[in-house]
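**Student:** Fold the following and give me the result.
(chains A and B)
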Amino acid sequence: MKMHKELNIKNLVLKNAKVWNGKSFENRKEVAFEQGKGLATEEFDCGGALVMPALFGLGVDFMEPLRDDVYTFADGLDALHRGGFCGALYESAANPIDDADKLSAMKFRVNSPDLEYNFANRFDIKFLGAYSKGFGSDSLAEMMELAEDDCVAGFGDGNEAIPSTRFIRLAMEYGKMTNKRFFFQPLDKSLRKHGCVHEGAYSDMLGMKGIPRIAETIAAHTVLEMARFLQVPVHFKQVTCGETLDLVREARKKGIDVTCDVGLYHLLLDDSCLETLDSAYHILPPIRSAADREALWKGIEDGTVNAISMNHTPVLGQDTEVNFEDSVPGALSLEIALPAIWKELCARVGEARAIELLSLAPAKLVGAKSAFDENTQKMSNIVILDPNKPHEVSKKDFAGHVSNSPLLGKTLPSSILATFVSGVWTKL
Amino acid sequence: MSALQIKHLFGLQGVSKSDIRTILDNAKQFREILERPVKKVPSLRGMTVVNLFFENSTRTRTSFELAEKRLSADTVNFASSNSSVKKGETLVDTLRNIESMKIDIVVVRHKGTGVPKFLAEHSDAIIVNAGDGAHEHPTQSLLDMLTVEEKLGTLEGKKVAIVGDIRHSRVARSNIWGMTTMGAHVTLCGPSTLVPRNTELLQYKELAGSVSWETDVYKAVEDADAVIALRLQKERMDDALLPSMREYRNFFGITEKVLSEAKDKVILMHPGPINRGVELDSDIADGEHSVILDQVTNGVAVRMAVLYLLAGGRANENA
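**Tutor:** Below is the predicted model:
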């Protein structure tokens, strides 16, 4: 059995940096991040780059153990590391965590001595427990026992569509005892049926089966009614249209505890990409129209949206190198999210809100430690970003042996220069 | 240089008016050849064409095969029902294996939208779409256009009514693109569960103003120069998209009475095979307005033209 490599923890001195102070970036000729006395010190000239709190990733799937042929925890942690993340919410579509044994197995794997990189214990990984056994929606998972572990952030059945309304009622009724939040990807199964893209002008012209907006809004409405009735906090993952955000706004006015996120690619793309017929754009929930994309940005701007999620879903090359409808949906995002969205996000909502959406709010949502301590006004984990240095996305940017991303081959406006997470310095 | 701007035929969306004109003009010449005692020409001698059909097809595959043989090409038929695809081989692997046998042209039919384009990205062969899902069936549209021109002289300014299951029809989509490019106005008609759901379609780029739709078949056919009835699949009833064949026939079937709303010299078309008594009444399917068998003959001519022009372009590039 391999042993952990010795963590190469260092003190860090950054020069010529624009450092986040909780409100804005301030020019600093020199700033130190101390980990302890007697440690070696790394010095790095940032050349005017931004030093900001490391990100926290919602909606990440590392596939292991059931699909470790596709992706492993080692790959996932490597992806977090490359993308400037200090933690993530693991919510696997392939691996239901429906009892304490499975949770223990997952935690062991995250900290496995077999991990090739010295990532163990560096990242704050939270888990989403399943509310039904095997995501089957017919018998309850052992939520009480799962909730005893702080690393369980809430409950959700992967990316499964909303099952029977009765079962949701029972799951939330039982799960209410845990005081945890329920996470849903609002999607009505029967309205989706065989749909694989947004139902709109492009799906009509291309003859592809669509997923209508009402598949999301009807499911969201059902969940919100249940949340109101049972007084259980809920979260909507990867909202795709303005109508759902309207439901969230109305629900909050009624006092319903509802949070929501939108996916990275739903902010970057619209369904005109379907004209390429490129399976790299096969993402679920589907990329919707330009009007929907704009409505999501409005939700970002007015505060309706709590966080931006990654929806990091590895897919084997052989499952993407087929025609669109037969391809397996999903896209990688952790490695490229920050340089892809930072400039547009700042232009729309400013730097403070951008950091909140990518780092502080997602960590808070799942009860993880923030990379920026509000009390001390200091950062514990950082990512260094040159906002004006373009970066062309290539296969080598991605961890593991998969590279499914619609941004592959595209040029991003910004580049990550380095990360400093749990005292480990990595220059990229 | 190729006589066409396109190198493959994926669909008619984005194909220029001049390319369609060239194909139709060549098809007219091949149509004449088909009337001769000796119908074979040496245009594709030495070239190999694979008919790669992942979906069942009798008419289209036979039409292509006949077109290939009359151009003197060597042809191979590859059907998924007896292929390695059944054994789990991927689409790309299937193509690469076939391509290793040094083929020049692939005619492909598949249930998935975009498969022809996908294959072209992984192959050096010329790809011709023989139907991809509900997306496009360009040679069917080209033969429809050839038939309209043959019977009515031109498509410019003509009203073409397409009646039936528009939502699931690749023929309708190709005709929307092809016929509007050639100057026709296309009116779509069908029950609301079988037409595209989004009115956004009417504003879709260059289609704006060239396409309209109706749920009243009498209005759709009113003053039409050509009527295309689409085949109704029985599975639509199972999927609760329609209550019954009977109700469909009563409200959307093309009958003598419906056709009387069109222009006197209206032509009636159908991509086949016909459900007699459902989308078309039997007497008008065989009646004076019907040009359905002309479509079949024109299908061979159009496919000869497409193969000849695409292969000719490649031959010139290689020269």
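**Student:** Distance check, the closest residue to residue B:157 other than its chain neighbours against chain A.
**Tutor:** Leaving aside its chain neighbours, residue B:157 sits nearest to residue B:183 (6.2 Å; criterion: C-beta to C-beta, 6 or more residues apart in numbering or on different chains). The C-beta positions use only the backbone N, C-alpha and C, and glycine is treated the same way. Remark: distance between residue B:183 and chain A (C-beta to the nearest C-beta, to the nearest Å) = 20 Å.
**Student:** Residue B:183 reaches residue B:159, doesn't it?
**Tutor:** No: using C-beta atoms under 8 Å, residue B:183 makes no contact with residue B:159, being 11.2 Å away.
**Student:** more neighbours, the two?
**Tutor:** Between residue B:183 and residue B:159, counting by other C-beta atoms under 10 Å in any protein chain shown, residue B:159 is the more crowded of the two (20 against 13).
**Student:** re earlier: does the residue nearest to residue B:157 sit in a helix, a strand or a coil?
**Tutor:** The local conformation at residue B:183, judged by DSSP: H, G, I helix; E, B strand; the rest coil, is coil.
**Student:** can I get the CA coordinates of stretch A:31-46 in CSV?
**Tutor:** Only the C-alpha atoms of stretch A:31-46 are listed here, as CSV (Å, rounded to 0.1, in the frame of the first residue of the first chain):
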residue,chain,number,x,y,z
VAL,A,31,1.6,39.8,1.4
ALA,A,32,2.3,36.8,3.5
PHE,A,33,0.3,33.7,4.2
GLU,A,34,1.8,32.0,7.2
GLN,A,35,1.2,28.3,8.0
GLY,A,36,3.7,27.9,10.8
LYS,A,37,7.1,28.8,12.1
GLY,A,38,10.1,26.9,10.8
LEU,A,39,8.5,26.1,7.5
ALA,A,40,10.1,26.9,4.1
THR,A,41,8.9,30.0,2.4
GLU,A,42,7.8,30.2,-1.2
GLU,A,43,8.0,33.6,-2.9
PHE,A,44,6.0,34.4,-6.0
ASP,A,45,5.7,37.5,-8.1
CYS,A,46,2.0,37.8,-9.1
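**Student:** what does that stretch contact?
**Tutor:** Residues outside stretch A:31-46 that contact it (C-beta atoms under 8 Å, 6 or more residues apart in numbering or on different chains): A:9-19, A:51, A:379, A:382, A:384, A:417-418, A:420, A:423, A:425, A:427.
**Student:** just for the stretch 201-319 of chain B, where's the confidence low?
**Tutor:** B:201-206, B:237, B:313-319 (pLDDT under 70).
**Student:** same question but for the stretch 51-200 of chain B, I mixed them up
**Tutor:** Within the stretch 51-200 of chain B, the segments meeting pLDDT under 70 span B:81-89, B:198-200.
**Student:** Please enumerate the strands of it.
**Tutor:** Remark: strands assigned in the stretch 51-200 of chain B by DSSP state E, counting those that start in this stretch are B:74-79, B:105-110, B:126-132, B:159-163, B:185-189.
**Student:** ok, now the stretch 101-250 of chain A?
**Tutor:** Along the stretch 101-250 of chain A, the stretches classed as strands by DSSP E, counting those that start in this stretch are A:124-129, A:152-155, A:181-184, A:197-198, A:210-211, A:234-236.
**Student:** can you tell me the helix or strand for residue A:425?
**Tutor:** Following DSSP states H and E, one finds residue A:425 within strand A:424-427.
**Student:** So what's the gap between that strand and the chain middle?
**Tutor:** 22 Å (C-alpha atoms, centre = their mean, to the nearest Å).
**Student:** Near residue 136, how many other residues are there?
**Tutor:** Since you didn't name a chain, this refers to chain A. Using other C-beta under 10 Å, residue A:136 has 15 other residues around it.
**Student:** hmm, I had chain B in mind actually
**Tutor:** 31.
**Student:** The helix or strand where residue A:418 lies - contacts with which helices or strands?
**Tutor:** Using DSSP H and E, residue A:418 maps to strand A:415-421. Here strand A:415-421 touches helix A:73-83, helix A:337-349, strand A:382-386, strand A:424-427, going by 3 or more C-beta pairs under 8 Å, 6 or more residues apart in numbering or on different chains; DSSP states H and E.
**Student:** okay if I get the ones you listed as CSV plus distance to residue A:240?
**Tutor:** Formatted as CSV, those follow (distance: least, C-beta to C-beta, whole Å):
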stretch, distance to residue A:240
helix A:73-83, 23
helix A:337-349, 16
strand A:382-386, 27
strand A:424-427, 34
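**Student:** State the distance from residue A:217 to chain B.
**Tutor:** With the distance defined as C-beta to the nearest C-beta, residue A:217 ends up 15 Å from chain B.
**Student:** Can you give me every residue that contacts residue 269?
**Tutor:** Going with chain A. Neighbour list for residue A:269: A:281, A:287, A:293, A:406 [criterion: C-beta under 8 Å, 6+ apart].
**Student:** Chain B was what I was after
**Tutor:** B:144, B:147-148, B:226-229, B:291-292, B:295 are the contacts of residue B:269 under C-beta under 8 Å, 6+ apart.
**Student:** Same list (these) but as TSV, adding distance to chain A.
**Tutor:** Putting the contacts of residue B:269 into TSV (distance: C-beta to the nearest C-beta, whole Å) gives the following:
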residue	distance to chain A
B:144	17
B:147	23
B:148	22
B:226	22
B:227	22
B:228	17
B:229	19
B:291	26
B:292	24
B:295	21
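**Student:** Filter those residues down to just the ones in strands.
**Tutor:** When those are checked against strands (DSSP state E), the matches are B:226-229.
**Student:** Selecting buried members of the residues you listed in ChimeraX, what would you type?
**Tutor:** Buried residues within the ones in strands among the contacts of residue B:269, by 16 or more other C-beta atoms under 10 Å in any protein chain shown, are selected in ChimeraX with:
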select /B:226,227,228,229
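**Student:** Pull out the buried positions in the strand holding residue A:425.
**Tutor:** Going by 16+ other C-beta under 10 Å, strand A:424-427 has these buried residues: A:424-425.
**Student:** and that strand, what other elements does it pack with?
**Tutor:** strand A:41-45, strand A:415-421.
**Student:** Now do it, average pLDDT.
**Tutor:** Averaging pLDDT along strand A:424-427 gives 86.
**Student:** And for that strand, what's in contact with it?
**Tutor:** Strand A:424-427 is contacted by residues A:7-10, A:12, A:42, A:44, A:81, A:118, A:122, A:417-420 when judged by C-beta under 8 Å, 6+ apart.
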